[in-house]
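In: got a structure for you, letters missing:
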């Protein structure tokens with residue numbers, strides 16, 4: 001009996017010692033794990049399908065929103081002088097004064113003339129390039145973001161995790177005018193209104209044919225989108241059964257409101273690029289669509305936006321959130337028919353060849369045209385009469401800066417972008433595919449550096465004057 005008891009005590013003691021040793025090993029391992037850098041999961045082509053309770057995400061994102069916006073605005077203020085400066089004598093169609101610049105803050109005490117005389121390598125090595133790629137407001141999250149001027153009229157477009165960053169005076173007028181190639185006699189057919197599903201019929205019945213009218217209906221109809229939908233991982237509080245976005249929420253009145261998101265066909269997340277909404281004016285003369293995607297028809301573009309861009313290019317997420325698959329032969333065709341008759345605004349100083357009528361132009365505009373078609377080399381890509389060559393070009397801007405992370409985005413090689421038409425360009429700020437060029441003056445300074453033109457201050461001023469006349 002005593003022998004049996006001693007054996008039981010020995011086994012029990014051994015078990016206790018083993019458990020203690022295991023706990024010690026686990027504790028030491030945990031301490032070692034905490035001392036090591038956290039291992040991030042490898043990049044994936046797919047977005048994680050993780051759904052937390054909506055109220056948890058809502059509280060957390062709302063609490064973090066002020067921090068997110070403060071960081072985004074510090075980044076912008078470090079790059080640009082965001083003071084409102086406009087030219088009261090040069091206005092968009094409905095009367096908004098255009099912003100003037102340049103707005104970029106120069107580093108190291110250099111002037112624009114000094115910067116223009118430096119080589120790309122010198123600018124890169126000294127960290128002086130003023131027009132770096134622009135990150136999303138919260139790049140690791142991304143998604144569609146809409147300007148406050150639009151949200152005021154359509155509150156359903158407000159996100160609870162972030163706001164738009166670029167100030168309103170650097171954006172197109174809202175709502176913009178609509179011009180039709182089929183009815184130039186009518187001028188602005190929007191009559192100053194934001195075209196929506198509630199008023200499109202009253203505004204366009206009798207102006208469009210039945211197919212175009214139904215295409216417009218589809219363009220102003222809301223469909224589920226990554227951040228605006230009925231699932232628990234949306235980024236808007238509203239969930240009223242009509243949640244989503246319409247094509248013309250970004251391409252307002254067939255133009256643009258400056259809304260932004262991230263390009264859908266690049267992975268991983270930090271390598272994706274901010275995309276500023278391009279205007280749909282003049283798509284009838286374009287043969288490439290999407291600023292970096294090189295889609296070949298407006299039908300491809302229309303279908304791509306719904307099936308891919310709306311859901312960050314991820315069909316898994318699209319299925320979850322409610323993808324709207326458009327019928328190519330019917331719905332896409334009708335949507336494209338309406339888009340194909342959106343026209344540029346009138347340019348009364350241009351002749352039938354798209355060149356200046358010198359009887360109407362100022363001296364500065366004429367000098368600017370000569371620079372544009374001469375030593376500025378602008379016309380090599382932006383050919384008259386619509387000032388595009390319908391091609392993609394790699395500007396190799398990475399010559400001017402060293403790769404690095406900023407705002408959660410990898411600032412590195414950008415690749416080719418399409419040649420945007422310059423007709424009506426004064427009504428489409430900000431510029432370049434990501435909106436990093438806030439004014440026409442910024443645009444001229446950017447290309448003066450990138451193309452190594454060496455233009456003088458008066459020449460750059462004349463070039464801006466010509467662009468305003470297009």
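Out: Received, thanks. Quantities reported herein were computed from a predicted structural model and do not represent experimental measurements.

In: ok now do residue 47, which residues does it touch?
Out: Residues touching residue 47, when contacts are defined by Cβ atoms under 8 Å, 6 or more residues apart in numbering, comprise 312, 314, 316, 317. All C-beta spots, glycine's among them, are computed from the backbone N, C-alpha and C.

In: can I assume the last one sits in a helix?
Out: Just to be clear, that refers to residue 317. Yes: according to DSSP: H, G, I helix; E, B strand; the rest coil, the state of residue 317 is that of a helix.

In: mind listing what it touches?
Out: Applying Cβ under 8 Å, 6+ apart to residue 317 gives the contacts 47, 49, 226, 311.

In: Which residues are in contact with the last one?
Out: Each residue near residue 311 by Cβ under 8 Å, 6+ apart is listed here: 225, 226, 264, 317, 318, 321, 323.

In: got the phi/psi numbers for it?
Out: Here the main-chain torsion angles of residue 311 (degrees, to the nearest 10) amount to phi -130, psi 30.

In: quick one: the strands in this protein?
Out: Using DSSP state E, the strands of the chain run over residues 86-91, 97-99, 260-262, 274-276, 392-393, 404-406, 409-411, 417-418.

In: burial measure for residue 408, as a count.
Out: Burial of residue 408, expressed as a neighbour count using other Cβ atoms under 10 Å, amounts to 15.

In: Was I right to think it contacts residue 142?
Out: No: distance between residue 408 and residue 142: 9.2 Å, which falls outside the contact criterion (Cβ atoms under 8 Å).

In: hey, what's in contact with both of the two?
Out: Taking Cβ under 8 Å, 6+ apart as the contact criterion, the residues that touch both residue 408 and residue 142 are 136, 269.

In: hmm, back to that, separate out the buried members of the contacts of residue 47.
Out: The neighbour-count test (16 or more other Cβ atoms under 10 Å) applied to those identifies 312, 314, 317 as buried.

In: In the stretch 201-350 of the chain, where is pLDDT below threshold?
Out: In the predicted model of the stretch 201-350 of the chain, residues 240-242 satisfy pLDDT under 70.

In: Quick one: the helices in it, in order.
Out: Across the stretch 201-350 of the chain, reading from the start of the chain, the helices by DSSP state H, counting those that start in this stretch fall at 210-219, 247-250, 298-307, 315-321, 333-339.

In: Name the nearest of the contacts of residue 47 relative to residue 215.
Out: Ranked by distance to residue 215 (Cβ to Cβ), the contacts of residue 47 are led by residue 312 at 25.4 Å.

In: Kindly provide the distance from that closest one to residue 124.
Out: 32 Å (Cβ to Cβ, to the nearest Å).

In: ditto for residue 372
Out: Using Cβ to Cβ, we find residue 372 at a distance of 28 Å from residue 124.

In: sorry, back to before: quick one: which of the strands of the chain is nearest residue 188?
Out: Proximity of the strands of the chain to residue 188 was assessed by Cβ to Cβ; the nearest stretch is strand 86-91, lying at 13.6 Å.

In: The closest one pairs with which strands, parallel or anti?
Out: strand 97-99 (antiparallel) (DSSP bridges).

In: Looking at residue 372 and residue 124, which one has more neighbours?
Out: A direct count of neighbours by other Cβ under 10 Å for residue 372 and residue 124 places residue 372 higher, at 23 against 16.

In: Skip the chain neighbours and tell me the closest residue to the more buried one.
Out: On the basis of Cβ to Cβ, 6 or more residues apart in numbering, the spatially nearest residue to residue 372 that is not a chain neighbour turns out to be residue 378, at 4.5 Å.

In: So for the one you found, what's the pLDDT?
Out: Listed pLDDT for residue 378 reads 98.

In: likewise residue 3?
Out: At residue 3, the model reports a pLDDT of 45.

In: thinking again about what came up before, can you lay out the helices of the stretch 201-350 of the chain as a markdown table showing distance to residue 105?
Out: Listed next are these as a markdown table, based on distance: least, Cβ to Cβ, whole Å:
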| stretch | distance to residue 105 |
| --- | --- |
| helix 210-219 | 39 |
| helix 247-250 | 29 |
| helix 298-307 | 35 |
| helix 315-321 | 38 |
| helix 333-339 | 38 |
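
In: so which of those helices comes closest to residue 195?
Out: Of all these, helix 247-250 sits nearest to residue 195, with 6.4 Å by Cβ to Cβ.

In: and the closest one, how far from the chain's centre?
Out: For helix 247-250, the distance from its own C-alpha centre to the chain's C-alpha centre is 13 Å (Cα atoms, centre = their mean, to the nearest Å).

In: Can you name every helix or strand that that helix contacts?
Out: With contacts defined as 3 or more Cβ pairs under 8 Å, 6 or more residues apart in numbering; DSSP states H and E, helix 247-250 has these neighbours: helix 210-219, helix 298-307.

In: Of all the ones you listed, which one is nearest residue 448?
Out: Across those, the minimum distance to residue 448, taken as Cβ to Cβ, is reached by helix 298-307, at 31.4 Å.

In: Let me know the angle separating the closest one from helix 210-219.
Out: An angle of 30 degrees separates the directions of helix 298-307 and helix 210-219 when computed by axes from the mean of the first three to the mean of the last three Cα atoms, to 10 degrees.

In: And the contacts of helix 298-307?
Out: By Cβ under 8 Å, 6+ apart, the list of residues contacting helix 298-307 from outside reads 223, 247, 283, 286, 289-290, 293, 295, 315, 318, 323-326, 328, 332-333, 335-336, 339-340.

In: Buried ones from those residues, can you make that a ChimeraX selection?
Out: The following ChimeraX line selects those of the contacts of helix 298-307 that are buried, judged by 16+ other Cβ under 10 Å:
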select :223,247,283,286,289,290,293,295,318,323,324,326,332,335,336,339,340
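
In: show me the contacts for residue 428.
Out: Residues in contact with residue 428 (Cβ under 8 Å, 6+ apart) are 172, 255, 256, 278, 279.

In: From the buried ones among the contacts of residue 47, pick the one nearest residue 420.
Out: Within the buried ones among the contacts of residue 47, proximity to residue 420 (Cβ to Cβ) peaks at residue 312, which comes in at 23.5 Å.

In: so that closest one sits right up against residue 142, yeah?
Out: Yes: under the criterion of Cβ under 8 Å, residue 312 lies in contact with residue 142, with a separation of 7.0 Å.

In: Find residues that contact each of these two.
Out: Joint contacts of residue 312 and residue 142 (Cβ under 8 Å, 6+ apart) are residue 262.

In: Quick check: pLDDT value at the spatially closest residue to residue 140 that is not a sequence neighbour.
Out: Of all residues not flanking residue 140 in the chain, residue 408 sits nearest, at 4.4 Å (Cβ to Cβ, 6+ apart). On pLDDT, residue 408 comes in at 97.

In: What distance do you get for residue 408 to residue 55?
Out: The spacing between residue 408 and residue 55, counted by Cβ to Cβ, is 26 Å.

In: wait, what's in contact with residue 452?
Out: Taking Cβ under 8 Å, 6+ apart, we find residue 452 in contact with residue 120.

In: repeat for residue 156
Out: Contact criterion Cβ under 8 Å, 6+ apart gives 222, 228, 236, 238, 242, 243 as the residues in contact with residue 156.

In: same thing but 10 Å
Out: Shown in contact with residue 156 (Cβ atoms under 10 Å, 6 or more residues apart in numbering): 146, 222, 228, 236, 237, 238, 240, 242, 243, 244, 245, 249.

In: can I assume the first one is in contact with residue 168?
Out: No: when contacts are counted by Cβ atoms under 10 Å, residue 146 is not listed as touching residue 168 (11.9 Å).
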